[in-house]
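Participant: sequence and predicted structure are below.
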Amino acid sequence: MSRIEPDAEELAEVLAEVRRIAAWSRRRVRSQVAGGYASAFKGTGQEFEQVREYVLGDDPRSVDWNVTARLGRPFVKTFSEERDRGVVFAVHVGPSVDTGIGATSVRRALAAVCAALALTADDRGDRVGAVHFGRRFAHVVPPGRGASHALRIVRDVLALRPADTDGERPVGHLGALERVRRATRRRSLVFVLSDFTEPLDVPAFRAHARRHDLVAIRVVPAELAPGVLRGLVRLGGNDGTHPEIVDADTPAFRAEWERRARGLSARFAEDCRRAGVDHVEVPIPFERDPDALLAPVLELFRTREARR
């Protein structure tokens, strides 16, 4: 079985990585992410704030007739957006996310995107929780507040490394969403972060999307970009399969590899469309460019805001 906690040496490396990601994320939260997040992901409702005197341009429907009658001049009720909601991250931490020949691995990219969103949600007053999952593994972090709580979620993305043989029952994306359902009693914002190498169960995702505001984020390893792989490369092995050495320079391999990459992307987009789930792909750059990880997410924010 996998350890919930890594050994001392691994933990020191993980905590150093969390600190690095946290510093990067906080800069992005303040400069890029916060405004877009607030506009794209509204709270679940409106709560009463105060009664004030009517001014030209106020909505007549907001007039408080009881106060108006008592004071002899018009007053209106004002409301503020309710921010006390749950934001849950369902993050894939199985062996397949340890791939990557670009600037970073899929796992670290997942942790970076999760950190930026989790710290933003916490700054906005949302309660943040998580389900870290693998093929037969799930670890639930109940919603809570505070930057240290948000960074615990990020730490677990880096530290939890279950084998696909761990556990007795299948979990995967659907098992993770089922655990989200059990952990949240009200409508929440749910981010599913994964490499999405397997097809979505469209009916099940559609059912969960009716209950929650569901967003699927697919992190795409750099090696899936055309022309990145060169020479002899090792494929597979992280998920327990036997690794294969192939010549990436042959025309046949390049054509098949590009066909596979396009197929994975098209299937993900089509599955999400059929399920009614907002989605975005985050390609990992081959050269180090931290802002490139957030650019697609910010574009999703703008798309959601434009729909409102």
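Facilitator: Received, thanks.

Participant: show me where the protein has strands.
Facilitator: For the chain, the strands defined by DSSP state E occupy 45-53, 75-82, 86-92, 127-133, 138-144, 189-194, 213-220, 232-235, 244-247, 278-283.

Participant: could you point out the longest helix in the chain?
Facilitator: Ranked by residue count under DSSP state H, the longest helix found in the chain is helix 251-275.

Participant: list the contacts for Arg108?
Facilitator: By C-beta atoms under 8 Å, 6 or more residues apart in numbering, the contact set of Arg108 is Glu17, Ile21, Gly100, Leu158. (C-beta placed from N, C-alpha, C; glycine too.)

Participant: ok, these vs Arg182, which is closest?
Facilitator: Leu158 (25.1 Å; C-beta to C-beta).

Participant: residues near that closest one, how many?
Facilitator: Using other C-beta atoms under 10 Å, Leu158 has 23 other residues around it.

Participant: just checking, it touches Ala112?
Facilitator: No. In terms of C-beta atoms under 8 Å, Leu158 does not count as a neighbour of Ala112; the distance is 10.2 Å.

Participant: now do the phi/psi pair for the residue of the chain most remote from its centre.
Facilitator: Going by C-alpha atoms, centre = their mean, the residue of the chain most distant from its centre is Gly72, 51.7 Å out. Note on Gly72: its backbone torsions stand at phi 80, psi 10 [degrees, to the nearest 10].

Participant: on that earlier part again, out of the strands of the chain, flag the one nearest Ser105.
Facilitator: strand 213-220 (9.5 Å).

Participant: report the rounded mean pLDDT for the closest one.
Facilitator: Strand 213-220 shows a mean pLDDT of 96.

Participant: and the angle for that strand with strand 86-92?
Facilitator: Put simply, strand 213-220 runs at 30 degrees to strand 86-92, going by axes from the mean of the first three to the mean of the last three C-alpha atoms, to 10 degrees.

Participant: can you tell me the strand partners of strand 213-220 and which way each runs?
Facilitator: For strand 213-220, the paired strands and their directions (DSSP bridges) are strand 189-194 (parallel), strand 278-283 (parallel).

Participant: pretty sure Val106 contacts Thr197?
Facilitator: No. The criterion here is C-beta under 8 Å, and Val106 misses it with Thr197 at 9.9 Å.

Participant: more neighbours: these two, which one.
Facilitator: Val106 (26 against 16).

Participant: for the more buried one, give its distance to Ala209.
Facilitator: 24 Å (C-beta to C-beta, to the nearest Å).

Participant: also Ala248?
Facilitator: In this view, Ala248 and Ala209 are 38 Å apart by C-beta to C-beta.

Participant: which one's more surrounded, those two?
Facilitator: Neighbours around Ala248 and Ala209, counted as other C-beta under 10 Å, are more numerous at Ala209. The numbers are 19 against 16.

Participant: tell me, how many neighbours does Arg304 end up with?
Facilitator: Arg304: 18 surrounding residues under other C-beta under 10 Å.

Participant: over to Val87?
Facilitator: Counted with other C-beta under 10 Å, Val87 comes out at 25.

Participant: next: Asp291.
Facilitator: For Asp291, the count of nearby residues is 12 (other C-beta under 10 Å).

Participant: what is the mean pLDDT for stretch 191-199?
Facilitator: For stretch 191-199, mean pLDDT rounds to 95.

Participant: and the closest residue to Pro170 other than its chain neighbours, its phi and psi?
Facilitator: Leaving out its chain neighbours, the residue that sits closest to Pro170 by C-beta to C-beta, 6 or more residues apart in numbering is Arg136, at 6.0 Å. Arg136 has phi and psi values of phi -140, psi 40 when expressed as degrees, to the nearest 10.
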